[in-house]
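Trainee: The following comprises the amino acid sequence and a computationally predicted model.
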Amino acid sequence: MSLIPNDAQKIEVIGATVDFFELVQDGCSTYYFDSSKCGPPDPMVNAMSGLKLIQGTQNKLVMINHKAPGGLFSKLGDDISHKAVVSNNGLVLITFTSNSDSSANTDLNQNTCH
């Protein structure tokens, strides 16, 4: 059972190593990707590629992963918020949003785990 909505449409995301999907509702986009079967550095690479889609917007990014990506969280500035929820099947869904009130500008090109 996929945690990505069935009506989300596959999109191309530059630099991604997994498929990304977009669901548009009420004029805002939510982007989804599943890195739960990926090993390092792919989850970080895909998250940083996806975060470029939402930085400075009202859109959201949902990452599906096998665990909470602590290394990724430490790279995010005040301009990107995240909330993690564990699904019924044990996967972690992390929802990222952009904080328009922040003056920070997270460098989303730093996609390595170090």
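Mentor: The structure has been received and is ready for your questions.
Trainee: Residue 69 is in contact with residue 45, isn't it?
Mentor: No - applying CB atoms under 8 Å as the test, residue 69 and residue 45 come out as separate, 11.3 Å apart. (Each C-beta comes from the backbone N, C-alpha and C, glycine too.)
Trainee: show me where this protein has helices.
Mentor: 42-54, 70-73 (DSSP state H).
Trainee: Would you single out the least confident of the ones you listed?
Mentor: Mean pLDDT is lowest for helix 70-73 among the helices of the chain, at a mean of 89.
Trainee: and it, what does it pack onto?
Mentor: Secondary-structure packing of helix 70-73 (3 or more CB pairs under 8 Å, 6 or more residues apart in numbering; DSSP states H and E): helix 42-54.
Trainee: in the helix it packs on, what counts as buried?
Mentor: Neighbour counts over helix 42-54 (16 or more other CB atoms under 10 Å) mark 43, 44, 45, 46, 47, 48, 49, 50, 51, 52, 53, 54 as buried.
Trainee: Closest one of the residues you listed to residue 92?
Mentor: Closest to residue 92 out of the buried residues of helix 42-54 is residue 43 (10.6 Å), distances taken as CB to CB.
Trainee: residue contacts, that closest one?
Mentor: Neighbour list for residue 43: 35, 63, 65, 69, 72 [criterion: CB atoms under 8 Å, 6 or more residues apart in numbering].
Trainee: May I ask which two of the residues you listed are separated the most?
Mentor: 35 and 72 (10.3 Å).
Trainee: so what sits against both of the two?
Mentor: 43, 47.
Trainee: Mind listing residues that contact the least confident helix or strand in the chain by mean pLDDT?
Mentor: Lowest mean confidence among the helices and strands of the chain (mean pLDDT, DSSP states H and E): helix 70-73, at a mean of 89. Here helix 70-73 makes contact (CB under 8 Å, 6+ apart) with 43, 44, 47, 48, 82, 113.
Trainee: so what's residue 32 up against?
Mentor: Counted by CB under 8 Å, 6+ apart, residue 32 has contacts 3, 4, 5, 8, 20, 21, 22, 23, 61, 62, 64.
Trainee: Appreciated, that's everything.
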